[in-house]
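# take a look and give me a structure for this.
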Amino acid sequence: MRQLKHHEQKLLRKVSLYSWKGDENIRTAKILRRYHIQNREDYVAYSKICGQVTKLSAKLKTLKADDPFRIAMTEQLLDKLFDMGIVTTKKSLQKAEEITASALCRRRLPVVMVRMKMAETVRTAVTLVEQGQVRVGPHVVTDPAFLISRSMEDFVTWVDSSKVRKTVAKYNDKLDDFDLL
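Here you go, the predicted model:
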């Protein structure tokens with residue numbers, strides 16, 4: 001093999017070919033495609049959150065089972081994760097330790113819209129959100145990365161001026177003449 005030139009050596013200092021991170025790219029690409037995530041940084045942030053929650057639950061497990069601090073913090077953590085919709089039950093700390101980035105991806109607004117039958121696919125839901133056709137409570141949301149908690153699910157609706165809302169109302173014979181103005 002030939003001797004590397006100076007600029008080639010400088011470039012190779014920054015890259016370690018032994019610990020190349022190409023193995024999990026396939027899994028990441030599948031998740032990005034499944035939940036139609038446009039920014040890879042969003043998925044990286046979800047992974048970091050999951051890692052922090054896993055670390056926190058592991059630290060809580062090192063405390064004694066009857067420690068009042070452990071009981072209080074475990075209850076707070078599980079309440080927060082349950083209210084966010086990331087875990088299904090508040091029973092044990094084991095659930096908090098097993099959360100994945102996909103659990104956070106399932107709480108994104110377009111995925112919740114598909115689950116609520118407001119859109120057929122995640123891709124169409126992302127388009128509707130980006131167009132400003134959806135509101136959560138009184139606020140119009142245009143960011144598809146918006147996370148929906150369990151309590152906010154009931155407030156996901158169409159914007160008043162949305163054509164989709166008018167079409168649905170017309171189909172259900174609930175279109176009001178006042179809404180046509």
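# at the geometric centre of the chain, which residue do we find?
For the chain, residue 105 is the residue whose C-alpha lies nearest the centre (CA atoms, centre = their mean; 2.9 Å).
# surely it touches residue 37?
Yes: with contact defined as CB atoms under 8 Å, residue 105 counts as touching residue 37 (6.7 Å). To be clear about C-beta, it is placed using only N, CA and C from the backbone, and glycine gets the same treatment.
# CA-only coordinates of the lowest-mean-pLDDT helix or strand in the chain in PDB, if you can.
Lowest on mean pLDDT, DSSP states H and E among the helices and strands of the chain sits helix 6-13, with a mean of 79. Taking Å, rounded to 0.1, in the frame of the first residue of the first chain, the C-alpha atoms of helix 6-13 are listed here in PDB:
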ATOM      1  CA  HIS A   6      -0.800  14.700   4.500                       C
ATOM      2  CA  HIS A   7      -4.400  15.700   3.700                       C
ATOM      3  CA  GLU A   8      -5.400  12.000   3.500                       C
ATOM      4  CA  GLN A   9      -3.900  11.300   6.900                       C
ATOM      5  CA  LYS A  10      -5.700  14.300   8.400                       C
ATOM      6  CA  LEU A  11      -9.100  13.100   7.000                       C
ATOM      7  CA  LEU A  12      -8.600   9.600   8.200                       C
ATOM      8  CA  ARG A  13      -7.800  10.800  11.800                       C
END
